[in-house]
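Asker: have a look at this prediction, sequence included:
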Amino acid sequence: MSEFGVDLRGVIDLLSRHIYSGPEVFLRELLQNSRDALVARAGGDSIDPAWGVRIRPATETQPFVITDTGIGLAADEVADLLSTVGRSSKRDVLDLRNEDFLGHFGIGLLSCFMVADVIEITSRKEGRLACTWRGLADGTYTVTELDESQSDAIEIGTRVSLHGNREESALLREDAVRRLAKLYAEFLPISVTLVTDSGDESLTGPAPFLSSSREVLLEYGEELIGHRPLDVIPLSIAATATKGAAYVLGNPASGRYRSGAKVYLGRMLAAEEEHAAVPDWAFFLRTVISSDLLTPTASRESLVHDDALTTTREAIADAVRAWVRGLAEANRPLLREFLSTHDLAIRAACVDDDELFRIVGPFLSFETAAGPRTLEDIAADGEAQFAASLDEFRMLTGLGVKGTLVNASYVHHEELLVKAPHLFAGLSVTAADVMARLADLADPALEDRTRTEPFAARATAALADVEVDAVVKVLPEPTIPSLYVADAQVLTRVDMQRASEIATGPWAAALRRAGNRVDDVRSRTGVTATRAQICLNWASPLVQRLATLQDNEVLERSVRLLYVQALLAGRRPLTERDRALMSQSLDDLITLSVGLDMGGEP
């Protein structure tokens, strides 16, 4: 039976192109091995403070060297472990629990071949002779066991020397080594020292995100996110031996940004942005955690999506909910600041998370016809109707609705309003219909019909050029003489018409065709009311006076100006025909007024 052969160059290429993000990870893998060797030597006890890791960057004449005072390896272990791809000393040889170690895959040392052509290892294990292992990038290696006198001169532990290759040798020099060592190991609970001609430099220290001091946590958060956090939520998840902090951003978070966690395993950096560790809806957070039980992928640059990660994510979600609940109970000013800062993020979170909505929903603010109101205030009215678009909201504000009218044109507002009855018993929430509401408005009294019906017909004729029908109704507010009313499809067609007037060339033609298709769809579905309407308010004294005018020219000019006024009041953009109609009517009225003032004929 034959065994598979291994092309080391092919494996190194696989590591550099498809497993690791780049050759920089070689130092992380070496630090990981050194840390695990120290843990193994401690045998389950605390690591001796005198033990540690020393790194000497490469120079023009000296190779890169990293030395640890860990458990070391004997000659048989070196031959078996360092020369067999996929064999892990932590899993197969050392008699300690797998979770005690950061490395599990037996490929870490190979990452060094991304920056070096030659790797030399000298190691001594207590009670065993020291040995050396020399590996070349071409796949060959030698193992030499030292004699007793040579072994006695070597400390227990391991020394790794890297002779850099031409392409990546800069990564072995002082600046790069300092940067990478700080990145990966600055919070390791062991001593890591950089040795240079200028002296020794300690690279490790306490992890501030694990501190019990709120001020220390906030200071680190400011360094992490670039501004003072709004608040910090300490995290402690016993089930996965995970601790850390979730920072609430002090600036608005974009809905396109998905929050992730900066993850340390055994306090060594494993992932800069692990999205699966944080709830999707919590994109107002920047989270930093360190865990002893979460499982890294082979590259150690992300986490395996297993039950432990799911448990961690759910625990973080619970911690955020508890924090918000605490604000609602004891710190309303901070809650208001939080909701104001992260309005869009919170609403998106509440759409997906019913428990969070239950906590913060009453405090969310919505635009209503009576001004901004919280959902709790709206629920007190017992009934709410919402407009799905800003145009509908403006029209319905003039038409009036039963209960509270809410502008639901903003992102997530409609979704949350629909969910509101589940939060407030007895609250009714429905979508308002502009045309249905217009039909429900009171008609003029019977005795006035002899005036209003001819008046509506004359007003419709006056607006023939802009394809608008006039109706006479009694609006709730007598100070509003006229109101522009149209359904969503009509508004879409009008907007397309206006856009086609602005556009040029083929775009203008395309927009006109699109507008015509809106009418075609309505026709095929049996909808016949394809025109906008101007609602003339019979409760307005001005409208009643207009109805008595016998002069058709004056009536036409007045109705047209009421139509333009209604468009402007509803903040509707004017089309080319609207502008022409307004200009002509104003010109006629001014001419008429000048003639009367001069004693001339109108």
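Answerer: Thanks, I have it. Here the structure is a predicted model, which means the values were calculated and not measured. Residues are numbered from 1 along each chain as shown.
Asker: tell me where the stretch 401-550 of the chain has helices.
Answerer: With DSSP state H, counting those that start in this stretch, the ranges of helices along the stretch 401-550 of the chain come out as 413-423, 434-440, 449-462, 488-502, 505-524, 541-547.
Asker: those: lowest mean pLDDT?
Answerer: Among the helices of the stretch 401-550 of the chain, helix 505-524 carries the lowest mean pLDDT, at a mean of 60.
Asker: skip the chain neighbours and tell me the closest residue to E414.
Answerer: Taking C-beta to C-beta, 6 or more residues apart in numbering, and ignoring the residues beside it in sequence, E414 has A408 as its nearest neighbour in space, at 4.0 Å. Every residue, glycine included, has its C-beta placed from N, CA and C.
Asker: and that neighbour, how far is that from A464?
Answerer: 35 Å (C-beta to C-beta, to the nearest Å).
Asker: give me the more crowded residue out of the two.
Answerer: A side-by-side neighbour count of A408 and A464, using other C-beta atoms under 10 Å, places A408 first with 26 against 10.
Asker: tell me which helix or strand of this structure sits lowest on mean pLDDT?
Answerer: helix 89-92 (a mean of 47; mean pLDDT, DSSP states H and E).
Asker: next structured bit after it?
Answerer: Moving toward the C-terminus from helix 89-92, the next helix or strand (DSSP states H and E) is strand 116-124.
Asker: direction included, what does that following strand pair against?
Answerer: Paired neighbours of strand 116-124 in the sheet (DSSP bridges): strand 131-136 (antiparallel), strand 157-164 (antiparallel).
Asker: quick one: mean pLDDT over that strand.
Answerer: When pLDDT is averaged over strand 116-124, the result is 94.
Asker: contacts for that strand?
Answerer: Identification of contacts with strand 116-124 by C-beta atoms under 8 Å, 6 or more residues apart in numbering yields 26, 63-64, 72-74, 78, 82, 109, 112-113, 130-137, 151, 154-165, 172.
Asker: give me the buried subset of these.
Answerer: When burial is judged by neighbour count using 16 or more other C-beta atoms under 10 Å, the buried members of the contacts of strand 116-124 are 26, 63-64, 72-74, 78, 82, 109, 112-113, 130-133, 135, 137, 154, 156-165, 172.
Asker: list the buried residues in the lengthiest helix in the chain.
Answerer: For the chain, the helix with the greatest residue count under DSSP state H is helix 307-330. By neighbour count with 16+ other C-beta under 10 Å, helix 307-330 contains the buried residues 308-309, 311-313, 315-317, 319-321, 323-325, 327.
Asker: closest to E215 out of those residues?
Answerer: Lowest distance from E215 to the buried residues of helix 307-330 (C-beta to C-beta) belongs to W323, with 17.8 Å.
Asker: OK, contacts around the closest one?
Answerer: 231, 233, 248 are the contacts of W323 under C-beta under 8 Å, 6+ apart.
Asker: now rank those residues by neighbours and give me the top one.
Answerer: Neighbour counts for those were taken using other C-beta under 10 Å; the highest belongs to V248, which has 24 neighbours.
Asker: how about that residue, phi and psi?
Answerer: V248 adopts backbone torsions of phi -90, psi 120, taken as degrees, to the nearest 10.
Asker: from what I see, it and L230 are in contact.
Answerer: Yes - judged on C-beta atoms under 8 Å, V248 makes contact with L230 at a distance of 4.3 Å.
Asker: which stretches of this protein aren't confidently modelled?
Answerer: For the chain, applying pLDDT under 70 flags the ranges 1-19, 83-108, 254-257, 495-530, 593, 595-602.
Asker: tell me the domain boundaries of it?
Answerer: Partitioning the chain according to automatic domain parsing yields domains covering residues 8-202, 208-330, 364-432, 441-487+529-597.
Asker: what's the neighbour count on P234?
Answerer: Neighbour count of P234, defined by other C-beta under 10 Å: 16.
Asker: what angle do the helix or strand hosting it and helix 307-330 make?
Answerer: Following DSSP H and E, one finds P234 within strand 231-237. In terms of direction (axes from the mean of the first three to the mean of the last three C-alpha atoms, to 10 degrees), strand 231-237 departs from helix 307-330 by 140 degrees.
Asker: and strand 231-237, what does it pack against?
Answerer: In terms of contacts (3 or more C-beta pairs under 8 Å, 6 or more residues apart in numbering; DSSP states H and E), strand 231-237 is packed against helix 214-225, strand 242-248, strand 285-291, helix 307-330.
Asker: following the second one, which helix or strand comes up?
Answerer: Put plainly, it is strand 242-248. The first helix or strand that comes after strand 242-248 along the chain, using DSSP H and E, is strand 261-265.
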